[in-house]
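K.L.:
need coordinates for the below:
(2 chains)
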2 protein chains.
Amino acid sequence: MTVLILTCEEDVTADMVVVHLSASGVPVVRLDPADLTGGVALSGEYVHGAFRGHLSAAGRLVSIGGLRSVWVRRPGPAAGRAAEPSAWLTEESSQALYGMLRGSQARWMNHPDAARRARHKPWQLRLAQRCGLPVPATLITTFPQAAREFAARYPDLVVKPVSGAHPQDPPRAVPTSRVAPETDFSAVAFGPTLLQRRVAKRADIRLTVVGEQLLAARKATPADADPDEVDVRFASAATPWLPADVPHRVAEAVLRYIREAELAYGAFDFAEDSDGTWWFLECNQSGQFGFVEVETAQPIARSIAEWLAGPGPDRRDHINGTNTTVL
Amino acid sequence: MTVLILTCEEDVTADMVVVHLSASGVPVVRLDPADLTGGVALSGEYVHGAFRGHLSAAGRLVSIGGLRSVWVRRPGPAAGRAAEPSAWLTEESSQALYGMLRGSQARWMNHPDAARRARHKPWQLRLAQRCGLPVPATLITTFPQAAREFAARYPDLVVKPVSGAHPQDPPRAVPTSRVAPETDFSAVAFGPTLLQRRVAKRADIRLTVVGEQLLAARKATPADADPDEVDVRFASAATPWLPADVPHRVAEAVLRYIREAELAYGAFDFAEDSDGTWWFLECNQSGQFGFVEVETAQPIARSIAEWLAGPGPDRRDHINGTNTTVL
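P.N.:
Okay, the predicted model is just below:
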């Protein structure tokens, strides 16, 4: 059974995982959908009620029925590097590739539907609430008056994008920023704006979840840190990421979140306040983990490799309805 | 409890359904996400573990918690008609709107995730096989040699797009066409190609499914029809669509398909051969039904209105865990 990794050519994070898979002797095929109809080819046949499909990449042929798992890392747009690329060719190639893979029994990290849903921040906030994670008071609005009333109740606010990275090429991360005290909020009428009570934090938490495994890292906020430096990705603080224990209640809530979101991988960001409470900020289903692994030496890549190599409940159920593993 | 209809302004099909809903006294809000930050506004607040959200359109305010159902008909791109439209504003507005709606308890026709998955034709074919529907032998390939071998086994083939409509503006339907006998198939290497055994049909079948209700229509193929006129959408035959009974085994298989696809609405196309077998061609989760309703007088719009107005199992479960309805 083969692990299929969909990612672009230059992906050091994927390299880290491939090293572990190869060391365990697990067959891996890595391809970029952008190379479709160039270095990548596909074929699938539906005859007499059965499906037989194959992918070929770099001269290797792999059966779709023989896939153990699919890791959707950083794939390019299908056929994006074809000799004559077009929106139509990308659509045809994407539907052909993902349409066949969706019909397979492979386990996904993460399934495209779960990944797509998980990107919606309003949905994340609601799910986090339902799972019992503390969520800072948040407003998403196009009503200036609603923004003004919210700012009256919560005078210390940050503003962040609803959707994450700005879709320019290459995508640009938009930092979370502090809202100035005298802000008027009239501009809210021109586009949905996400306002959130600023958590006076003593640390940032990055909690990486792989399957049911939790790996937390903590970066202390220096006492003399500039309170306007809200976004840890853009902060100048030189404190390191260190491994951290996950409070029992947080662990339970996070595992519930991951199960309900049907994710196999998620990178949670929390702000830890002076009481030690972890406030949910977001869960990024495709969050980078290389920087945490390098600083903390936590075995994230190895955990991902093990998850991808494992048989998992889906496959066990599918083989014969018992708990026999097929590793 | 309100029915929310997401569609563009000129949508006669939606008009037909609104007539039925209004006649039953069911509150309806109809809006086009393209009008966001213009005639449409939104606001949602996450405070103390709870969510309260509102949409406003044409001067009417509706609570997201008070939505009974959401009909995703033909919505425009979010904020597409804003004063200064941009990809960034569309992404922000789409995530805000659908992110909030996804967190609601409303029933969807169809849920965006189910709709997206259901568009993948390779996935459709595999699901149809699994549900026991007869599927004509099909090949999707970028290997010219695989296409040639398939054509040797099945000399009478049609070719159709993998993904449906060509993404030009306005989208153009690409007709299914017959493959000429001496076709070389070299061009298959440049893009995935879907080849399918041609069914020598004596009728086209359109089976519309609304919830668990099946409404079938049949259009006989004239004996002197040109066998090159494969695609009923482009055929010149003047025979009418007439109501038809659904064979018991087909009904069971179709209901299984709809359940597994998690669709509330689907328009199935079948080709009926000389033995009376219905061959699955596709299931369009957003298929038009107006032309069938007009010719057959089948109550499709009324069925949709009833489904949208109904409480459904999700809501019943959610209210108090019993089967109490909340109509």
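
K.L.:
tell me, what residue is most central in chain A?
P.N.:
Nearest to the geometric centre of chain A sits residue A:285, at 1.6 Å (C-alpha atoms, centre = their mean).

K.L.:
tell me how far the closest residue to that residue other than its chain neighbours lies from residue A:221.
P.N.:
Computed as C-beta to C-beta, 6 or more residues apart in numbering or on different chains, the closest residue to residue A:285 that is not its neighbour in sequence is residue A:118, at 4.2 Å. For every residue, glycine as well, the C-beta is placed using N, CA and C. Distance, residue A:118 to residue A:221, by C-beta to C-beta, to the nearest Å: 27 Å.

K.L.:
looking at those two, which is more packed in?
P.N.:
Comparing residue A:118 with residue A:221 by other C-beta atoms under 10 Å in any protein chain shown, the one with more neighbours is residue A:118, at 24 against 19.

K.L.:
what sits against the more buried one?
P.N.:
Contacts for residue A:118 were tallied using C-beta atoms under 8 Å, 6 or more residues apart in numbering or on different chains; they are A:110, A:124, A:261, A:263, A:266, A:283, A:285.

K.L.:
separation between it and residue B:99?
P.N.:
For residue A:118, the distance to residue B:99 - C-beta to C-beta - is 11 Å.

K.L.:
what is in contact with these two at once?
P.N.:
residue A:124.

K.L.:
quick one: residues in contact with the host helix or strand of residue A:293.
P.N.:
Element membership for residue A:293 (DSSP states H and E) is helix A:290-296. Contact partners of helix A:290-296, identified using C-beta under 8 Å, 6+ apart, comprise A:12-13, A:16, A:206, A:208, A:215, A:217, A:240-243, A:298-301.

K.L.:
ok, of those residues, which one's closest to residue B:105?
P.N.:
residue A:208 (30.9 Å; C-beta to C-beta).

K.L.:
all strands of the stretch 101-250 of chain A, in order?
P.N.:
Remark: strands assigned in the stretch 101-250 of chain A by DSSP state E, counting those that start in this stretch are A:107-109, A:138-141, A:157-160, A:177-178, A:193-197, A:201-210, A:213-220, A:241-244.

K.L.:
can you mark which positions in the last one are buried?
P.N.:
So the one you mean is strand A:241-244. For strand A:241-244, burial by neighbour count (16 or more other C-beta atoms under 10 Å in any protein chain shown) applies to A:241, A:244.

K.L.:
what's it packed up against?
P.N.:
Counting by 3 or more C-beta pairs under 8 Å, 6 or more residues apart in numbering or on different chains; DSSP states H and E, the packing neighbours recorded for strand A:241-244 are strand A:213-220, helix A:290-296.

K.L.:
for the ones you listed, which one sits closest to residue A:27?
P.N.:
Across the helices and strands packed on strand A:241-244, residue A:27 has its closest neighbour in strand A:213-220 (23.2 Å, C-beta to C-beta).

K.L.:
the residue in the stretch 151-300 of chain A positioned nearest to chain B and residue B:91, how far apart?
P.N.:
Nearest residue of the stretch 151-300 of chain A to chain B, counting by C-beta to the nearest C-beta: residue A:192, 3.6 Å away. For residue A:192, the distance to residue B:91 (C-beta to C-beta) stands at 10 Å.

K.L.:
neighbour count winner among these two?
P.N.:
Higher neighbour count among residue A:192 and residue B:91: residue A:192, with 29 against 21, using other C-beta under 10 Å.

K.L.:
quick check: closest non-adjacent residue to residue A:4.
P.N.:
Residue A:4's closest residue in space is residue A:70 (C-beta to C-beta, 6+ apart), at 4.7 Å.

K.L.:
can you tell me which residues contact the one you found?
P.N.:
Taking C-beta under 8 Å, 6+ apart, we find residue A:70 in contact with A:3-6, A:101, A:104, A:106-109.

K.L.:
as TSV, the residues you listed with neighbour count would be great.
P.N.:
Below are the contacts of residue A:70 laid out as TSV (neighbours: other C-beta atoms under 10 Å in any protein chain shown):
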residue	neighbour count
A:3	25
A:4	25
A:5	24
A:6	22
A:101	24
A:104	20
A:106	24
A:107	22
A:108	22
A:109	23
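
K.L.:
out of those, which sit inside helices?
P.N.:
Of those, the ones assigned to helices by DSSP state H are residue A:101.

K.L.:
from the contacts of residue A:70, which shows the smallest pLDDT?
P.N.:
Among these, residue A:104 has the lowest pLDDT, at 92.

K.L.:
tell me the contacts of the closest residue to residue A:79 other than its chain neighbours?
P.N.:
Ranked by C-beta to C-beta, 6+ apart and with sequence neighbours excluded, the top spatial neighbour of residue A:79 is residue A:93, at 3.9 Å. The contact partners of residue A:93, by C-beta under 8 Å, 6+ apart, come to A:33, A:36-37, A:78-79, A:82, B:191-192.

K.L.:
export the residues you listed to TSV and append columns for pLDDT and distance to residue B:61.
P.N.:
Shown next, in TSV, are those (pLDDT from 0 to 100; distance: C-beta to C-beta, whole Å):
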residue	pLDDT	distance to residue B:61
A:33	98	44
A:36	96	47
A:37	90	50
A:78	97	42
A:79	96	45
A:82	93	49
B:191	93	48
B:192	95	47
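
K.L.:
mind giving me the domain ranges of chain A?
P.N.:
A:2-106, A:117-308 (automatic domain parsing).

K.L.:
mean pLDDT for these: which is lowest?
P.N.:
Looking at the domains of chain A, the lowest mean pLDDT belongs to domain A:117-308 (a mean of 91).

K.L.:
end-to-end on that one?
P.N.:
In domain A:117-308, first residue to last residue: 22 Å (C-alpha to C-alpha, to the nearest Å).

K.L.:
and stretch A:68-80, by the same measure?
P.N.:
Start and end residues of stretch A:68-80 are separated by 26 Å (C-alpha to C-alpha).

K.L.:
centre of the chain to it, how far?
P.N.:
Put simply, stretch A:68-80 sits 14 Å off its chain's centre (C-alpha atoms, centre = their mean, to the nearest Å).

K.L.:
before we move on, back to that, out of the domains of chain A, which gets nearest to residue B:63?
P.N.:
With C-beta to C-beta as the criterion, residue B:63 lies closest to domain A:117-308 of these, at 13.9 Å.

K.L.:
up against chain B, what does the stretch 101-250 of chain A have?
P.N.:
By the rule C-beta under 8 Å from any C-beta of the partner chain, the part of the stretch 101-250 of chain A lying against chain B is A:102-103, A:113, A:116-117, A:119-127, A:129, A:135, A:137-143, A:146, A:150, A:161-163, A:166-168, A:189-192, A:194.

K.L.:
again, only this time at 6 Å
P.N.:
Within the stretch 101-250 of chain A, the residues that sit near chain B (C-beta under 6 Å from any C-beta of the partner chain) are A:102-103, A:113, A:117, A:120, A:122-123, A:125-126, A:129, A:135, A:137-143, A:146, A:162-163, A:166-167, A:190-192.

K.L.:
narrow the residues you listed to just the buried residues.
P.N.:
A:102-103, A:113, A:117, A:120, A:122-123, A:125-126, A:129, A:135, A:138-143, A:146, A:162-163, A:190-192.

K.L.:
doesn't residue A:29 belong to a strand?
P.N.:
Yes: per DSSP: H, G, I helix; E, B strand; the rest coil, residue A:29 lies within a strand segment.

K.L.:
ok, it to chain B distance?
P.N.:
Residue A:29 sits 16 Å away from chain B, taking C-beta to the nearest C-beta, to the nearest Å as the criterion.

K.L.:
for that residue, give the beta-bridge partners.
P.N.:
Beta-bridge partners for residue A:29, by DSSP bridges, are residue A:4.

K.L.:
I am finished for the moment; much appreciated.
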